[in-house]
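1. Coordinates for the following, if possible.
(4 chains, ligands or ions: 2)
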Number of protein chains: 2
Amino acid sequence: MNSQAAVSVKRIADSTVRRLSAYLRFLEDFEGRGLMTISSEELAKRGGTTSAQVRKDLSFFGSFGKRGLGYSVPELAGRLREILGLGREWKIVIVGAGKIGAALAQYRGFRQRGFSILAAYDNNPEKIGRKLEDIPVRDIDQLERDIEREKPDIAVLTVPAEEAQSVVNRVVSVGVKAILNFAPTQLHAPADVTVKTVNMAMELEGLSFALTNRE
Amino acid sequence: MNSQAAVSVKRIADSTVRRLSAYLRFLEDFEGRGLMTISSEELAKRGGTTSAQVRKDLSFFGSFGKRGLGYSVPELAGRLREILGLGREWKIVIVGAGKIGAALAQYRGFRQRGFSILAAYDNNPEKIGRKLEDIPVRDIDQLERDIEREKPDIAVLTVPAEEAQSVVNRVVSVGVKAILNFAPTQLHAPADVTVKTVNMAMELEGLSFALTNRE
DNA sequence: TTTAACTTGTGAATGAATTCACAAGCCGCT
DNA sequence: AGCGGCTTGTGAATTCATTCACAAGTTAAA
Ligand SMILES: NC(=O)c1ccc[n+]([C@@H]2O[C@H](COP(=O)([O-])OP(=O)(O)OC[C@H]3O[C@@H](n4cnc5c(N)ncnc54)[C@H](O)[C@@H]3O)[C@@H](O)[C@H]2O)c1
Ligand SMILES: NC(=O)c1ccc[n+]([C@@H]2O[C@H](COP(=O)([O-])OP(=O)(O)OC[C@H]3O[C@@H](n4cnc5c(N)ncnc54)[C@H](O)[C@@H]3O)[C@@H](O)[C@H]2O)c1
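-> Numbering: from 1, shown residues only, chains lettered A, B, ... in the order given. Ligands and ions are numbered 1, 2, ... in the order given. Predicted coordinates for the structure are as follows:
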């Protein structure tokens, strides 16, 4: 019954974390509509899963529901925010102020969820010094110095694939522990650094496979 | 020796397909450097997996290697392209010519892999009629008519979350069977339609969780 | 206070994915 | 032709994830 986020006694699967994220999104929707309680069954229907799955996912972290009633929407939302570490602001830097970097820098969805973008970095003199909406584009040469001073939590990589590993090495060398990579390449980092790669070409290939292999 | 991709006797896991995509990328790299054979071990090292995993993944589709030697790089690359359905051109439409839609429309990585973007659609009169690089932005009102004529294989959704389900319904109604969704919302579609969602906020929350729950 | 209708939380059962481990095959050398 | 070094392909074993199924708790109503 302790309130510090997550007892984390066993390793939590990635798929579980993604579902928790999804549940939180639905809860926020319900919160907005003023509903006070929700059952695992309703949550499951929204998320395309089963009620047993919902309850099992939550049970890794405690027991938040009331038998016969369901879950308190605001309480469960709060618990999920705690578990996911969303009770605080996370600071982000974007490396690569190109097309996709600019789209991310200008995206409001991140700030709304507590992710604050400090700056974007580029090596193109024409881009350095400009702003993307209100995010400054800084010289990549300042990267390490700035990171040591501002201590961002997450680096988002939107540089060409050939440059990506060297940027990983640079940000890791000054203490960044989490990286979101958009370059279509496999990155290597120490075990205490979490790297997630979003590879859109791979997603399209998944669709190509699905379209090709249907009986 | 049939050349139609995949015997597909059992359902292939999503994770397997993603790895096949990754293997293909490494093989193309090796091909470029003129190497002729590669072992499962080398492929595994590059992809951050194990050699047994590589061999098991490939074994679902046939046996392409030579014991004692490894795999022929060009042959295996060809087989993977066949399996993934990359032997042909896939036609894509983008719905939502906003920031992320524009970035995707202008991205060269897709065309290089056989994904050809026909057009982007928007409901904003200021955007309609313009071009994103060489991709035309068309009126969303033409969506169904154009799809029936041009028969795109894949629809990419980059509209606001509230609009996403209605766009799904529209493209599904005229026969689209594969959707790549960037809106942060759960979509519902008939079982014969494959929907993949790329949810960047969810990826960031995964990083937030990892940073928060480390012992 | 009793009952009926619900819903949670969780072990146990099932199902899926990964890893192990080794026989079988290939190559080059002597 | 035989041997040693390597590497595949694959059942069997293991590990991990999901689903089942039900006791236990809650509410509301009579
Ligand atoms: N545009 C897309 O829709 C899209 C989709 C999927 C993946 N990606 C990937 O995202 C990455 C960026 O793509 P993009 O389309 O934005 O390309 P882009 O060329 O528009 O942007 C890349 C930016 O990185 C900068 N850059 C290059 N080397 C750098 C370095 N060493 N340090 C700092 N900045 C550097 C460039 O000046 C440029 O501004 C690529 O790896 C690409 O494969 C892009
Ligand atoms: N920009 C990002 O980096 C980013 C990141 C993650 C997710 N997303 C998601 O991608 C989607 C688009 O984001 P964006 O930043 O490009 O927003 P945006 O506002 O720049 O683009 C949305 C575009 O869709 C058009 N549109 C709206 N309703 C439409 C309809 N019914 N039919 C056709 N077109 C319509 C708008 O005119 C606009 O051009 C959103 O769902 C957003 O949550 C964006």
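2. which residue ranges form the helices in chain A?
-> Assigned by DSSP state H, the helices in chain A fall at A:14-32, A:40-47, A:51-59, A:73-84, A:99-105, A:108-112, A:143-150, A:161-173, A:200-212.
3. How about the longest one and chain B, touching?
-> Which is helix A:14-32. Yes - using CB under 8 Å from any CB of the partner chain, helix A:14-32 comes into contact with chain B via A:14, A:17, A:18, A:20, A:21, A:22, A:24, A:25. In this view, the C-beta of every residue, glycine as well, is placed from N, C-alpha and C.
4. among these, which ones are buried?
-> With neighbours counted by 16 or more other CB atoms under 10 Å in any protein chain shown, the residues of helix A:14-32 next to chain B contain buried members at A:17, A:18, A:20, A:21, A:22, A:24, A:25.
5. tell me the centre residue of chain A?
-> residue A:180 (7.9 Å; CA atoms, centre = their mean).
6. Just to check, that one is in contact with residue A:152?
-> No - judged on CB atoms under 8 Å, residue A:180 makes no contact with residue A:152 at a distance of 11.8 Å.
7. Near DNA strand C, which residues of chain A are found?
-> Proximity of chain A to DNA strand C (CB under 7 Å from any atom of the strand) is limited to residues A:39-41, A:51-52, A:55-56, A:58-59, A:63-71.
8. circling back: the nearest residue to the residue nearest to the centre of chain A once chain neighbours are set aside: what's it in contact with?
-> Among residues not flanking residue A:180 along the chain, residue A:156 sits closest, at 4.8 Å (CB to CB, 6 or more residues apart in numbering or on different chains). If you count contacts by CB atoms under 8 Å, 6 or more residues apart in numbering or on different chains, residue A:156 has them with A:92, A:93, A:94, A:95, A:101, A:104, A:179, A:180, A:181, A:182.
9. Go ahead and confirm the first one touches residue A:114.
-> No - counting by CB under 8 Å, residue A:92 does not reach residue A:114; the two are 10.4 Å apart.
10. Kindly provide the distance from the residue in chain A positioned nearest to ligand 1 to residue A:146.
-> For chain A, the residue closest to ligand 1 is residue A:98, as judged by CB to the nearest ligand atom, at 1.6 Å. Distance, residue A:98 to residue A:146, using CB to CB, to the nearest Å: 19 Å.
11. try residue A:94
-> 12 Å.
12. neighbour count winner among residue A:92 and residue A:114?
-> residue A:92 (25 against 17; other CB atoms under 10 Å in any protein chain shown).
13. worst-scoring helix or strand of chain A, pLDDT-wise?
-> Within chain A, no helix or strand scores below helix A:108-112, which has a mean of 92 by mean pLDDT, DSSP states H and E.
14. Residue A:37 against residue A:71, yeah?
-> Yes - here residue A:37 reaches residue A:71: they are 6.4 Å apart, a contact under CB under 8 Å.
15. Which of the two has more residues huddled nearby?
-> residue A:71 (24 against 16).
16. Looking at residue A:94 and residue A:146, which is more packed in?
-> Counted by other CB under 10 Å, residue A:94 and residue A:146 do not tie: residue A:94 has more neighbours, with 29 against 18.
17. ok, what's across the strand from that one?
-> residue A:120, residue A:156 (DSSP bridges).
18. for chain A, which spans come out with low pLDDT?
-> Residue ranges of chain A with pLDDT under 70: A:1-9, A:215.
19. Got phi/psi on the residue of chain A found nearest DNA strand D?
-> Closest approach of chain A to DNA strand D (CB to the nearest atom of the strand) occurs at residue A:68, with a separation of 2.5 Å. Taking degrees, to the nearest 10, you get phi 80, psi -20 for the backbone angles of residue A:68.
20. And it, how close does it get to residue A:171?
-> 50 Å.
21. who's more crowded, those two?
-> Higher neighbour count among residue A:68 and residue A:171: residue A:171, with 24 against 6, using other CB under 10 Å.
22. Spell out which residues make up each domain of chain A.
-> A:3-83, A:90-201 (automatic domain parsing).
23. now for those domains, which one comes closest to residue B:135?
-> Among those, the nearest to residue B:135 by CB to CB is domain A:90-201 (12.9 Å).
24. how distant is the closest one from the center of its chain?
-> Between the centre of domain A:90-201 and the centre of its chain there are 13 Å (CA atoms, centre = their mean, to the nearest Å).
25. How many residues are close by residue A:41?
-> 13.
26. now the one 10 residues further on
-> Using other CB under 10 Å, residue A:51 has 14 neighbouring residues.
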